[in-house]
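**Q** Sequence and predicted structure are below.
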Amino acid sequence: MASRPPPAVPGAAAPSPFDAVVVGGGLHGSAVALFLSRSGMRVALVERGSLCRAASGTNAGTLTMQMTRAALIPYALAAHRMWASAPEWLGHDVGVTVRDGLSLAFTETEAAMLEERARARREAGAPVAIVSREAARRIEPGLSRLPVLASHCPVDGFASAYLTGLAFRRALVAAGTRIFEHTPATGVEPGGARYVVRLADRPPLEAPRLVLAGGAWLEEMAGWLGVRLPVRALVNQLAVTERLPPVMRTVVGVASGLLSLKQFGNGTAVIGGGWQAAGDRGRGGGALLPGRLVGNLRLACHAIPALRGARVVRTWSDLEAETRDALPAAGPLPGHPGAFVCGAVHSGFTSGPWIAKLLADRILGREPAMPLFPPDRLIEEPQGGTES
Ligand SMILES: Cc1cc2nc3c(=O)[nH]c(=O)nc-3n(C[C@H](O)[C@H](O)[C@H](O)COP(=O)(O)OP(=O)(O)OC[C@H]3O[C@@H](n4cnc5c(N)ncnc54)[C@H](O)[C@@H]3O)c2cc1C
């Protein structure tokens, strides 16, 4: 581990045991904490549950260019390279499998949508090409004859979301990060040159730098500092089949985004696509809606007919955070020197490690290799109310 002194924060006074407190131990918070720790900062990472067990541990694991917003493509490509080389920088295998990805159109309307989406992503640098049904069936022999058109991207694949948390924990421990798990943060006081993070059942933590990485709860965290940063919480449902003989080799989606499908090395197929369960931030997770689950499964069988006889062994849902423009909130929190936010981007598992690296560079006083996504554009003024 490198042990360079952290850059000084103007106005910093008496010593604190930490240079930075990161609140929220999902992929974004864990990765920011890791990069800061490895650069010599003394970092506390506060997570109310276990590391990477909310969205970052329950997601479908797809590393997707075709479902990534065009503006985020250069970031997702850089992140894809990070995922593919995870053992080198993370130090542990997280089951990354690089595969071809296909996005399908079943109607002429969807075909037009597919062509437009492929064009936008190609212009942003992703190697996405439109291919005929026959060409798509050569890439994916398990594909049905129903698609009228497909787009193909060789830079796709998946990782094991479950393994990600285990890998980050080991890396964080090795980097010297102080991990506070099962420790909900209850608020933050801006205390002059340092932030005081209040914890349930423990003394507060103080540091001159604060990173809020609360995923679907980022809005609440920003609210601790009086900042209104709206974050939507999607309630995505997923299903996994029993172990099957090989039925497909690619990652398959549809133009509308309502399907995400792949078969893992152990034979199980994970079926998702953002079909919404009932639920909210307060309860976490959610209750599956059978009609929507059936719709999702039907679409999967429509694409890969060999799934028709497969048994679904588990279904679940969890919360995906999304900003108004579905792009990340990653950068300094205006009006609060030394405070930063990170996350709340659609399909954030794909781009997460690179976004976290860019933010860590910014916090360390280095020029990030790509521009950040400062939250200023998302922040709303307090509504109504007159001063009394
Ligand atoms: C079902 C599902 C499927 C998905 N599939 C994909 C996919 O295939 N590909 C893809 O790219 N993306 C996918 N995503 C999106 C992706 O999982 C997320 O964008 C990403 O994991 C977000 O990481 P995060 O660290 O920002 O948030 P999270 O992982 O949600 O982490 C936030 C953390 O903050 C903690 N926290 C909250 N409040 C407090 C508090 N008061 N004190 C302390 N800690 C707190 C939470 O416990 C949580 O661990 C999916 C999401 C879901 C839900």
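**A** That came in fine, so what should we check first?

**Q** Now for Arg324: which residues touch it?
**A** Contact analysis of Arg324 by C-beta atoms under 8 Å, 6 or more residues apart in numbering lists 230, 232, 378. C-beta coordinates here come from the backbone N, C-alpha and C atoms, glycine included.

**Q** does it sit in a helix, a strand or a coil?
**A** With DSSP: H, G, I helix; E, B strand; the rest coil as the basis, Arg324 sits in coil.

**Q** Below-threshold pLDDT in the stretch 251-388 of the chain: ranges please.
**A** Within the stretch 251-388 of the chain, the set of residues satisfying pLDDT under 70 comprises 285, 382-388.

**Q** change it to 80
**A** Applying pLDDT under 80 to the stretch 251-388 of the chain picks out residues 283-285, 382-388.

**Q** Strands along that one, start to end?
**A** Taking DSSP state E, counting those that start in this stretch as the test, the strands found in the stretch 251-388 of the chain are 251-254, 260-263, 269-272, 312-322, 329-332, 339-343.

**Q** got a markdown table for these, with distance to Gly192 too?
**A** As requested, the strands of the stretch 251-388 of the chain are arranged in a markdown table below (distance: least, C-beta to C-beta, whole Å):
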| stretch | distance to Gly192 |
| --- | --- |
| strand 251-254 | 49 |
| strand 260-263 | 47 |
| strand 269-272 | 46 |
| strand 312-322 | 30 |
| strand 329-332 | 18 |
| strand 339-343 | 13 |
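
**Q** Dump these into JSON lines; add distance to Leu205 and mean neighbour count as well.
**A** JSON lines is the format used below for the strands of the stretch 251-388 of the chain (distance: least, C-beta to C-beta, whole Å; neighbours: other C-beta atoms under 10 Å):
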{"stretch": "strand 251-254", "distance to Leu205": "40", "mean neighbour count": "28"}
{"stretch": "strand 260-263", "distance to Leu205": "38", "mean neighbour count": "26"}
{"stretch": "strand 269-272", "distance to Leu205": "36", "mean neighbour count": "24"}
{"stretch": "strand 312-322", "distance to Leu205": "23", "mean neighbour count": "19"}
{"stretch": "strand 329-332", "distance to Leu205": "20", "mean neighbour count": "24"}
{"stretch": "strand 339-343", "distance to Leu205": "14", "mean neighbour count": "28"}
